[in-house]
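Engineer: Pasting the sequence and the predicted model now:
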Amino acid sequence: MEFDKEFLGKLFEQAMENPRLRQNFDLRTSSADTSQRMLNALLPETKVPIHRHEDTTETVICLCGKLDEVIYEEVILYENSISGLPHSMDVQDVSRKVEYRERQRIHLCPAEAKYGCQIPKGAWHTVEVIEPSVIFEAKDGAYKSE
């Protein structure tokens, strides 16, 4: 199988028809293959939630286009739901809020000789697509929703 301009063009067409503005192509050769290897065509304005892979690093290689891989740190904030309570307040009066702060932005664009990156195991991340792009993604283990 070749991944040429025609193949990527068809993948982009499918992404345009997809309400999520992206389309992946599974590269596994059988259902017994527990790796995750895929091509992913991504269009600007696609929304990829901030997520992480707790058990594996992720390799991303940009075949064409321009995008940013954004790495975050998780910040947990605890707030009083009732202000002015003494320090001995009941735990039920405290709310937990999770925020993500950008830690690193990795720009990928083969035309600029910026080809790919390795996202560390457990790192919170997302992608921001600047122009239509196709990436190769690889991770260990079978797919599971997180």
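Structural biologist: Great, that's in hand. Fair warning: this is a prediction, and the values are worked out from it, not measured in the lab.

Engineer: Show the secondary-structure elements that the biggest strand by length in the chain is packed against.
Structural biologist: Ordering each strand of the chain by length in residues (DSSP state E) puts strand 58-80 first. On a contact count with 3 or more CB pairs under 8 Å, 6 or more residues apart in numbering; DSSP states H and E, strand 58-80 meets strand 36-42, strand 94-108, strand 116-119, strand 124-139. (Each C-beta comes from the backbone N, C-alpha and C, glycine too.)

Engineer: and the angle for that strand with strand 36-42?
Structural biologist: 80 degrees (axes from the mean of the first three to the mean of the last three CA atoms, to 10 degrees).

Engineer: Strand 58-80 pairs with which strands, and in what direction?
Structural biologist: strand 94-108 (antiparallel), strand 116-119 (antiparallel), strand 124-139 (antiparallel) (DSSP bridges).

Engineer: Which residues outside the second one are in contact with it?
Structural biologist: What it means is strand 116-119. 53, 57-62, 69, 71, 106, 108, 125, 136 (CB atoms under 8 Å, 6 or more residues apart in numbering).

Engineer: Please determine how far the residue nearest the centre of the chain is located from V98.
Structural biologist: Nearest residue to the geometric centre of the chain (CA atoms, centre = their mean): T126, 3.7 Å. According to CB to CB, to the nearest Å, T126 stands 15 Å off from V98.

Engineer: pLDDT below threshold where in this protein?
Structural biologist: The chain contains residues with pLDDT under 70 at 80-94, 142-146.

Engineer: and with 90 instead?
Structural biologist: For the chain, the stretches with pLDDT under 90 are 1, 28-36, 77-97, 140-146.

Engineer: for H53, helix, strand, or coil?
Structural biologist: When classified by DSSP: H, G, I helix; E, B strand; the rest coil, H53 comes out as coil.

Engineer: Disregarding flanking residues, what is the spatial nearest neighbour of it?
Structural biologist: Counting by CB to CB, 6 or more residues apart in numbering, H53 lies nearest to K139, which is 5.8 Å off, once chain neighbours are set aside.

Engineer: thinking again about what came up before, what are the buried residues along the longest strand of the chain?
Structural biologist: Neighbour-count burial for strand 58-80 flags 58-67, 69-72 (criterion: 16 or more other CB atoms under 10 Å).
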